[in-house]
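Undergrad: Any chance you can model this:
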Amino acid sequence: MAKLFWGQIPIQRATAFFYYEPHAETANILYELKYKNHPEIGEVIGRMMAKEIANSGFFDGIDGIIPIPLAKKRLRQRGYNQSMEIAKGVSDITGLPIYKHIISRTVFEGSQTTKSRWERNQNVEKVFELIDGSAISGKHFLVIDDVVTTGATIIAFTQELMKAGPIQVSVLSIGFAKY
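TA: Modelled structure (predicted):
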C-alpha cells in the first residue's frame, strides 16, 4: 500500500543511499557529480545503490526508471543530467528501461540549495510538463533524483506524472537530507 510522501502524493517505496549533510565527506561525492564535471560518479553510485538493494525486493514490480529532468539552460551549463547518470547505473544492474521523454522541465529558476522550504516549493511548483503520458499509464516507475531535501521536486514531478493516469511511483536518491 502506498504511503503519502510529505502528506501529498502516494509513493510505493522510497530509499536513499546515505543521509546527506552539507560539507560531510559523503557530500563531496555529490559536489563532484553535480559541480565538478564528473558524470561518471552518477553511474558508479547508481550501480552501487542498485547492487546494495537488489535483494531487498525494492525493484520488484517496477516497470521503468524516470530520472528528474533538468531544464535546457541548466543542462547546457552542466553538460549532463546527474539524475540521468544515476539512472544509467541503476538500469545497468536492474535491466529496467529508462524513460527519457515523458516529462520536461520547462524552466530553471535557480538552484534549490539556498532556498527555504517555502521557496523550494514555489521554485518547482509548475516547472514540469508531461510530454507523453501514453507510455506510462498503468505502470510503476522509479523516479530518481540526486538528493531529496524538502521533497518539493519529487512532489511537483510526481503530480505532473500522475496526469498520465493511474501510475505507481517509487523514489530512489543518492542522499536524503534532514531539512
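Undergrad: Name the next helix or strand following the worst-scoring helix or strand of the chain on mean pLDDT along the chain.
TA: Lowest by mean pLDDT, DSSP states H and E among the helices and strands of the chain is helix 117-124, with a mean of 50. Beyond helix 117-124 on the C-terminal side, the first helix or strand identified by DSSP states H and E is strand 128-130.
Undergrad: Parallel or antiparallel, list what pairs with that next one.
TA: strand 103-105 (antiparallel) (DSSP bridges).
Undergrad: Figure out how far the partner strand is from the centre of its chain.
TA: Remark: strand 103-105 is offset 12 Å from the chain centroid, using Cα atoms, centre = their mean, to the nearest Å.
Undergrad: any weak-confidence spans in the chain?
TA: Residues of the chain meeting the criterion pLDDT under 70: 1-8, 108-125, 179.
Undergrad: Geometric centre of it: which residue is closest?
TA: The residue lying closest to the centre of the chain (Cα atoms, centre = their mean) is Asp145, at 2.2 Å.
Undergrad: Quick check, that residue in contact with Ser83.
TA: Yes - using Cβ atoms under 8 Å, Asp145 is in contact with Ser83, at 5.5 Å. All C-beta spots, glycine's among them, are computed from the backbone N, C-alpha and C.
Undergrad: residues shared between the contacts of the two?
TA: 67-68 (Cβ atoms under 8 Å, 6 or more residues apart in numbering).
Undergrad: Helices of the chain, residue ranges please.
TA: Applying DSSP state H to the chain gives helices spanning 25-35, 40-53, 72-78, 82-94, 117-124, 152-161.
Undergrad: and Gly133, which of those is closest to it?
TA: With respect to Gly133, and counting by Cβ to Cβ, the nearest of these is helix 152-161 at 8.0 Å.
Undergrad: The closest one to helix 82-94, inter-axis angle?
TA: Helix 152-161 and helix 82-94 are oriented at 70 degrees to each other (axes from the mean of the first three to the mean of the last three Cα atoms, to 10 degrees).
Undergrad: if we can go back for a sec, can you add mean neighbour count and distance to Gly61 and give the helices of the chain back as TSV?
TA: Rendered in TSV, the data for the helices of the chain read as follows (neighbours: other Cβ atoms under 10 Å; distance: least, Cβ to Cβ, whole Å):
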stretch	mean neighbour count	distance to Gly61
helix 25-35	16	28
helix 40-53	19	14
helix 72-78	13	31
helix 82-94	23	12
helix 117-124	16	28
helix 152-161	22	17
